[in-house]
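1. Sequence and predicted structure are below.
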Amino acid sequence: MDSPTASPGDTKGREAAAIPATSLPGSKAPAVVQLLSYWTNPQAFVEKRRERYGPRFQVSIRIPARPVYMLTSPEDVKAMFLAPADVLHTGTGSATIEKWTGTSGLAWLDEDAHKVRRKLLMPSYHGAALMRIGEAIPRMAKEDVASWPRGKDMPLHPHIHRFTLHVIREVVYGSRTPRRWEELLDLLLQMMEFNNSIASPMMLHKMPPRVLKLFRSIKSLGLENFLQLRDKADALIYETIEEHRESDYRGDDLLSVLLGITHEDDGTPLSPREIRDEMMTIFLAGTETTAAAMAWTFEYLTRHPEALKRLRDEIDAGESDAYLMAVINEVLRLRPSIPNIIVREVKKPIEIGGVQFEPGMHLWASAYLVNHDKSTYENPDEFRPERFLDSKPGTFTWIPFGGGRIRCIGDKIALLEMKAVIKEVLTQCELERPDPRPEEAKSRIVVNVPSKFTRVVLRDRVRETSMA
Ligand code: HEM
């Protein structure tokens, strides 16, 4: 049972001496109990604690156990995003996805090393590359959506997820599709099934070998299967790297860019393992997030026929995408794919909102709670895209893409994907919802998805023809 350990940290006491973070309130329940509670209902988990403890509190949902300090107000998030690079690190914040990404890629770097790598990778996400990807996306969306089953009660998420991987193929390999891409795609999708397991956020690399062995032996956790699939996928990824290297093709695709990067200190090229880590980061970070956001979009639209109609009318008219953008912004507000953004590790003492955080402590900003802040949003739990028709999302009050130095590098690609798929589905299909009840949020590694993966029936749209 939860029990407060102190009164909530209070922003009003700013002039007073900062209180130590260790005195922040939080549950005393064992980490495994908290993890279970978070896993089964991630939103209620943070909402209840925010209500009970105030804007700053401790949670312990990591295995192996350690406390994490949650920040939930725009002011605290701003201080966190703007802290100098040597005060807060994000590299260790990706520990839960190490089993996918390894430890050498962008998500693991800090300070100058992060700045340099991000700058080097940027050309594969922006400028000419973004234009190429932006041209490919609507074409891919049209073909993909046309192939999705009709007249069948089905979860939409797996179809959307497959589409997002096609897009990432374009980002990673450009127009040069690897020979065994379809095999790799299937393996990656099978691996991602493991993300539904409660073992998916566990930090395997921090576990003593005997504990890891025990978890591997529990079949229902899916860990053993995941690790075997990973070996196969890695072998294929290395093959695609060699295929690309041996070709004379060099473009602005991520793999070409990675093959051209050299280490600053000794001028040596990135190793195949380092290249693999960057690729796997994008296979995961670039697809789970976008697929979740799109699944939520259809979950909401099928429960709000007036919004669906307004959006379809706008798409049919083809003159503006103002309402489409408002719908996307509203879904990302209500259901940020990563409900609690990447953990920051304190490297030098920092005071945030009258609380003193010391080196070694971990800070976790809740995008979900910030995006639902009553002082920013009227009726924050309601789906009201109109709120974004006349006002843009705020930098520190709407944070689905995080912020500061590690703000999502693929945000523009994600928005292009969302726009194209929503347009295509509404243009090609009627959507029927077999069960009118809202789908709750369900954890899937670090993202939240609709609990039934957005169950719908798609039917070919019958267009009214003019009799005039
Ligand atoms: C709706 C879709 C997406 C959402 C909601 C999302 C969200 C996020 C968030 C919250 C972060 C961490 C930021 C922070 O903690 O401050 C992040 C980082 C990142 N995202 Fe995304 N993302 C999405 C799509 C994508 C796509 C499509 C790609 C790649 C094509 C991508 C690649 C990355 C990478 C590489 C990072 C790490 C950046 C760094 O360390 O500098 N994301 N994303």
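-> Noted; the coordinates are in hand.
2. What parts of the protein come near the ligand?
-> On the criterion C-beta under 6 Å from any ligand atom, the ligand has as its neighbours in the chain the residues 106-107, 118, 171, 281-282, 285-286, 289-290, 293, 337-338, 341-342, 400-404, 406-410, 413-414. (Glycine included, C-beta is placed from N, CA and C.)
3. Buried by neighbour count, from those residues: which ones?
-> 106-107, 171, 281-282, 285-286, 289-290, 293, 337-338, 341-342, 400-404, 406, 408-410, 413-414 (16 or more other C-beta atoms under 10 Å).
4. just checking, which of the residues you listed belong to helices?
-> Taking DSSP state H as the definition of helices, those contribute V171, T281, I282, A285, T289, T290, A293, I413, A414.
5. which non-adjacent residue is nearest T297?
-> Computed as C-beta to C-beta, 6 or more residues apart in numbering, the closest residue to T297 that is not its neighbour in sequence is V331, at 4.7 Å.
6. and the one you found, helix, strand or coil?
-> Here V331 is recorded as helix under DSSP: H, G, I helix; E, B strand; the rest coil.
7. Strands of the stretch 251-400 of the chain, residue ranges please.
-> Taking DSSP state E, counting those that start in this stretch to define them, one finds strands in the stretch 251-400 of the chain at 344-346, 350-352, 355-357, 362-365.
8. and these as CSV, adding distance to D86?
-> What follows is the strands of the stretch 251-400 of the chain, written out as CSV (distance: least, C-beta to C-beta, whole Å):
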stretch, distance to D86
strand 344-346, 11
strand 350-352, 11
strand 355-357, 14
strand 362-365, 15
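9. Mean pLDDT and mean neighbour count added to these, as TSV?
-> Formatted as TSV, these follow (pLDDT from 0 to 100; neighbours: other C-beta atoms under 10 Å):
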stretch	mean pLDDT	mean neighbour count
strand 344-346	96	22
strand 350-352	97	20
strand 355-357	97	23
strand 362-365	96	22
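10. what about these, which gets the closest to R459?
-> For those, distance to R459 was read as C-beta to C-beta. The smallest value, 41.4 Å, belongs to strand 362-365.
11. what's around the closest residue to T262 other than its chain neighbours, how many residues?
-> Nearest non-adjacent residue to T262, counting by C-beta to C-beta, 6+ apart: P269, 5.5 Å away. Around P269 sit 14 other residues, with neighbours defined as other C-beta atoms under 10 Å.
12. Give me the buried positions along stretch 307-318.
-> Neighbour counts over stretch 307-318 (16+ other C-beta under 10 Å) mark A307, L308, R310, L311, R312, E314, I315 as buried.
13. circling back to that earlier point, from the ones in helices among the buried ones among the residues of the chain next to the ligand, which two are the most distant?
-> Pairwise distances across these (C-beta to C-beta) peak at 18.2 Å, for the pair T281 and A293.
14. Quick check: V211 vs the ligand, distance?
-> For V211, the distance to the ligand equals 28 Å [C-beta to the nearest ligand atom, to the nearest Å].
15. per-residue confidence for the residue nearest to P393 when sequence neighbours are not counted?
-> Excluding the flanking residues, the one nearest P393 by C-beta to C-beta, 6+ apart is N329, at 5.3 Å. Predicted confidence (pLDDT) for N329: 98.
16. Please work out how many residues are found near N329.
-> 20.
17. again with Y368
-> 26.
18. G174 now?
-> By other C-beta under 10 Å, the residues close to G174 number 23.
19. which ones are touching it?
-> Applying C-beta atoms under 8 Å, 6 or more residues apart in numbering, we find G174 in contact with R132, Y249, G251, D252, D253, L255, S256.
20. What helix or strand is the nearest residue to the fourth one once chain neighbours are set aside located in?
-> Translated: D252. Distances taken as C-beta to C-beta, 6+ apart place A129 nearest to D252, at 4.0 Å, with adjacent residues excluded. Remark: A129 resides in helix 127-147, with elements defined by DSSP states H and E.
21. Now the helix or strand that contains E182: buried residues?
-> Secondary structure assignment for E182, by DSSP H and E: helix 181-193. Buried positions in helix 181-193, judged by neighbour count with 16+ other C-beta under 10 Å: W181, L184, L185, L187, L188, M191, M192.
22. try stretch 47-60
-> E47, R49, R50, Y53, G54, P55, R56, F57, Q58, V59, S60.
23. Tell me the spacing between the first one and P380.
-> Taking C-beta to C-beta, to the nearest Å as the measure, E47 falls 11 Å from P380.
24. Just send the buried residues of stretch 47-60 back as CSV, with pLDDT and secondary structure too.
-> Formatted as CSV, those follow (pLDDT from 0 to 100; DSSP: H, G, I helix; E, B strand; the rest coil):
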residue, pLDDT, secondary structure
E47, 96, helix
R49, 96, helix
R50, 96, helix
Y53, 96, helix
G54, 95, coil
P55, 95, coil
R56, 96, strand
F57, 97, strand
Q58, 96, strand
V59, 95, strand
S60, 91, coil
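25. ok, and the closest non-adjacent residue to the most centrally placed residue in the chain?
-> In the chain, the residue lying closest to the centroid (C-alpha atoms, centre = their mean) is T289, at 3.5 Å. Spatial nearest neighbour of T289, chain neighbours left out: S337 (4.1 Å); criterion: C-beta to C-beta, 6+ apart.
26. Point me to the helix or strand that includes G151.
-> For G151, there is no enclosing helix or strand under DSSP H and E.
27. So it versus the ligand, what's the distance?
-> Following C-beta to the nearest ligand atom, the distance that separates G151 from the ligand is 29 Å.
28. tell me the contacts of that residue?
-> By C-beta under 8 Å, 6+ apart, the contact list for G151 reads V457, L458, R459.
29. which one among those gets closest to the ligand?
-> Within the contacts of G151, the smallest distance to the ligand is 21.9 Å, found for L458 (C-beta to the nearest ligand atom).
30. Check which helix or strand that closest one maps to.
-> Per DSSP H and E: L458 is located in strand 455-460.
31. and that strand, average pLDDT?
-> Strand 455-460 carries an average pLDDT of 98.
32. Check A29 and give its pLDDT.
-> You'll see A29 listed with a pLDDT of 92.
33. and the angle for whichever helix in the chain runs longest with helix 181-193?
-> Longest helix in the chain by number of residues, with DSSP H as the criterion: helix 223-246. On the basis of axes from the mean of the first three to the mean of the last three C-alpha atoms, to 10 degrees, helix 223-246 is oriented at 150 degrees to helix 181-193.
34. Who are the packing partners of helix 223-246?
-> Using 3 or more C-beta pairs under 8 Å, 6 or more residues apart in numbering; DSSP states H and E, the elements in contact with helix 223-246 are helix 181-193, helix 209-217, helix 254-260, helix 272-285.
35. top of the contacts of G174 by neighbour count?
-> Within the contacts of G174, most neighbours by other C-beta under 10 Å means L255, with 26 neighbours.
36. Report the spatially nearest residue to that one, omitting neighbours in sequence.
-> Among residues not flanking L255 along the chain, H244 sits closest, at 5.0 Å (C-beta to C-beta, 6+ apart).
37. Could you do W148 as well?
-> H159 (4.8 Å).
38. Would you mind giving the secondary structure of the one you found?
-> Following three-state DSSP, H159 is assigned to helix.
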